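**Q** generate coordinates for the sequence data below:
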Amino acid sequence: MSKTWILVASRARARLFEFDQEQRDLTEKEDFLNPEGRAPAGSRGENRPPRTFDRTGSARHAIEPHTEPATKAAENFARQLASVLEDGRVQHRFEHLMLIATPDLLGHLRPCMPPPLRECVRREVGKDMTQAGPEAIWDIVTEPFHGAE
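**A** Model (predicted):
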């Protein structure tokens, strides 16, 4: 088997492709949507003033969330994608993995991937290609690899 899975992802969408190196064929397998990754900033709770609570005495304390809702949504989406990839690895559906994703999603995805899955990653490209056609993705998959991008 000489199959490579290519995950093309952003906070709002991910597409999973399979590249068969023997047949030189690129096929889209799945499309994942994350509606929370697409919502306008104000609708997710960002930029809201911190809530304050009275305590005994005259002191007031601001309570802010530890993680912005948009970041939490991206982390959840990254965990979901990592789970799909890990299932594919365990089922021996691919040998190698290529990640083409926005830099912020790559940052959320890496810690979600168990070490055996990370060892399958042969290349990472920090771009949003989720709206690109198969020809553009084909060009990235088949271009010579010259080191980190």
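**Q** what is the three-state secondary structure of Val84?
**A** Here Val84 is recorded as helix under DSSP: H, G, I helix; E, B strand; the rest coil.
**Q** flag every buried residue along stretch 80-97.
**A** Judged by neighbour count (16 or more other CB atoms under 10 Å), stretch 80-97 contains these buried residues: Leu81, Ala82, Val84, Leu85, Glu86, Gly88, Arg89, Phe94, His96, Leu97. From N, CA and C alone the C-beta is placed, and that goes for glycine too.
**Q** what score does the spatially closest residue to the fourth one that is not a sequence neighbour have for pLDDT?
**A** Same thing as Leu85. Nearest non-adjacent residue to Leu85, counting by CB to CB, 6 or more residues apart in numbering: Leu117, 5.9 Å away. In this model, Leu117 is scored at 98, pLDDT.
**Q** pLDDT-wise, which helix or strand of the protein ranks last?
**A** Ranking every helix and strand in the chain by mean pLDDT, DSSP states H and E puts strand 51-54 at the bottom, with a mean of 48.
**Q** give me the below-cutoff pLDDT ranges for this structure.
**A** Confidence mapping of the chain against pLDDT under 70 gives the ranges 1, 39-67, 145-149.
**Q** how about the helices in it?
**A** For the chain, helices defined by DSSP state H occupy the ranges 69-90, 103-109, 115-118, 134-142.
**Q** out of the ones you listed, which is closest to Asp20?
**A** Closest approach to Asp20 among the helices of the chain is made by helix 134-142 (11.1 Å; CB to CB).
**Q** and that closest one, what's buried?
**A** By 16+ other CB under 10 Å, the buried positions in helix 134-142 come out as Ile137, Trp138, Ile140, Val141.
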